[in-house]
Every structure is written in structure tokens, then in C-alpha cells.
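Participant: Task: produce atomic coordinates for the following.
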Amino acid sequence: MLLRQIERFLRQTDMPWTKFGRLAAQDPRFVADLRNGRIPRARTAARVEQFMRNYQETDHAL
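Facilitator: Numbers count the residues shown, from 1 in each chain. Alright, predicted model coming up:
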């Protein structure tokens, strides 16, 4: 589930959820909306997953 992946990513990187939303989905409320039941489009989910993969592969390695 995407929200679980995001929550794990936030814990591991110590990134605020609003910053994650801005960087990954261009929406600072993205994580809050997911927590409240929002179901992202497949394209948005893929973009967010790609952001997390790329972030971990860069110098921000966990």
C-alpha cells in the first residue's frame, strides 16, 4: 500500500510530510489526504514511488 511505503520513507528520512508532498506530488497536503482516505491516480502513485526510489539512490541514501 502506498501510504505504508510513504510512512516508512518519512520515518527513515525524517522528512516532514508536507515537504514530501511538495517534492513528490506537488501537493503539500498529499500525505494528509492519503491519511484521510484519498486514493491517488495510478500515474500519481507511480510518480511518488519513483521519487522515493530516486531519493534513496542519490546522496540522501538511507
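
Participant: Show me what the lowest-mean-pLDDT helix or strand in the chain is packed against.
Facilitator: Of the helices and strands making up the chain, the lowest-confidence element is helix 42-57, at a mean of 95, by mean pLDDT, DSSP states H and E. Counting contacts by 3 or more C-beta pairs under 8 Å, 6 or more residues apart in numbering; DSSP states H and E, helix 42-57 packs against helix 2-13, helix 17-25. C-beta here means a position set from N, CA and C on the backbone, and glycine is covered the same way.

Participant: Of all the residues in the shortest one, which ones are buried?
Facilitator: Translated: helix 17-25. Neighbour-count burial for helix 17-25, counted by 16 or more other C-beta atoms under 10 Å, picks out 17, 20-21, 24-25.

Participant: What is the nearest of the residues you listed to Ile6?
Facilitator: When these are compared for distance to Ile6 (C-beta to C-beta), Phe20 wins out at 6.9 Å.

Participant: Contacts only, for Phe51.
Facilitator: By C-beta atoms under 8 Å, 6 or more residues apart in numbering, the residues touching Phe51 are 23-24.

Participant: And Arg38, how close does it get to Ala25?
Facilitator: Arg38 sits at a distance of 11 Å from Ala25 (criterion: C-beta to C-beta, to the nearest Å).

Participant: how long is stretch 11-31 end to end?
Facilitator: Length of stretch 11-31, first residue to last, C-alpha to C-alpha, to the nearest Å: 13 Å.
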